[in-house]
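Q: generate coordinates for the sequence data below:
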Amino acid sequence: MRIAYFPKQVALNGSSILSAFLDGCRRHGLEPVENSQDADTAVIWSVLWSGRLAANQMVWSHYRGQNKPVIIIDIGSLYRGETWKIAVNSITANGYYGHTENLDWNRPKRLGISQAINVSRNPKIVIAAQHARSQQAVGLASVEGWVVDQVEQLRRVTDRPIVVRPHPRSPLDWAGLVHLPRDVVIEQPVKIVNTYDSYNLTFDCHAIVNYNSGPGIQAALAGTRPIVDRSSLAWPVSTKISDIEQPYTVDRDQWIVEICHTEYTQEEIAQGLWYRRLESALKT
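A: Just a heads-up that it's a prediction; the model follows:
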């Protein structure tokens, strides 16, 4: 099996991860081919069609248009910058991870992931918006419209304070937010010092509202109720806006084990652990 890769279309912190991935390919007999449009499958970095990653959209469309699988590597939600998500065709719940069978029930412990219980009394609800140019947001007419819709739904059932956080690299268009109530706060993300691209989102709140990206997963891990779209990997442990005032008592035991099978350390990537889970989806 020949796998196309595109070394210039990788995030600045991704070169070593791509190199580890190619090592994993060779370990399992896959032949990496640089910048090819005629391989059996392709690997791309993220589905964010912006900046140095913008050209990946053409690669994704080209291979998917031929009904060929596309492997996607993206920064993880378990330990940002330390674990990396690897999936086929999508990095939402619409992608394939092979994470629901042949589970290693000790994997969360080995990764240092435990089931947190949120005891915060902070009443605020945080709406974490997504990057408008990501394939993950393709189901939205606009991110601004989604934000306004979430606020309207929330205000029908709760008077809790609402904070809207734009994606750090995708500012919201103020013209699309003119219908927000005046008591809704817009909170700009602040980059954490000495990190590549981590920001100060905390889960000391009543709920996190997110479409289908990292904050929904991270909220569930932190024990904070996530409210997400069905396309989110956090959907199995999410709650509804209509239940915002109900206790968050969702059983997350199996979900935590499963979510730990969607991401890998750099060493595991080089060993090709991801291939064992994705192999069936690469042969269709």
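Q: how many neighbouring residues does residue 181 have?
A: Other residues lying near residue 181 total 11 when counted by other CB atoms under 10 Å. Glycine gets a C-beta too; all of them are placed from N, C-alpha and C.
Q: name the helix or strand for residue 145, please.
A: Secondary structure assignment for residue 145, by DSSP states H and E: helix 143-155.
Q: quick check: end-to-end length of stretch 226-236?
A: End-to-end span of stretch 226-236 (CA to CA, to the nearest Å): 10 Å.
Q: how far off centre is it?
A: Centroid displacement of stretch 226-236 relative to its chain, using CA atoms, centre = their mean, to the nearest Å, is 11 Å.
Q: what about the chain, any weak spots by pLDDT?
A: 284 (pLDDT under 70).
Q: follow-up on the earlier one: and the contacts of the helix holding residue 145?
A: Under the criterion CB atoms under 8 Å, 6 or more residues apart in numbering, residues 125, 127, 129-130, 132, 137, 140, 160, 162, 164, 167, 170, 172-173, 175-177, 179-181, 184, 209, 211, 227, 241, 244 lie in contact with helix 143-155.
Q: could you do stretch 84-96 as well?
A: With contacts defined as CB under 8 Å, 6+ apart, stretch 84-96 is touched by 17, 21, 46-47, 64, 69-77, 97, 135-136, 212, 230-233, 235, 262-266, 269, 274, 278, 281-282.
Q: in PyMOL, how would I select the buried members of these?
A: Selection of buried members from these for PyMOL, criterion 16 or more other CB atoms under 10 Å:
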select buried, resi 17+21+46+47+69+70+71+72+73+74+75+76+77+97+135+136+212+231+232+233+235+262+263+264+265+266+269+274+278+281+282
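Q: for the stretch 1-150 of the chain, which segments count as helices?
A: 15-27, 56-65, 107-111, 143-155 (DSSP state H, counting those that start in this stretch).
Q: given the helix or strand following the helix holding residue 145, what are its sheet partners and their directions?
A: Per DSSP H and E, helix 143-155 leads on to strand 162-165 as the next helix or strand towards the C-terminus. Strand pairing for strand 162-165, using DSSP bridges, gives strand 125-128 (parallel), strand 185-186 (parallel).
Q: and the gap between the residue lying closest to residue 36 once chain neighbours are set aside and residue 194?
A: In space, and not counting its chain neighbours, residue 36 is closest to residue 4: 4.0 Å by CB to CB, 6 or more residues apart in numbering. Taking CB to CB, to the nearest Å as the measure, residue 4 falls 35 Å from residue 194.
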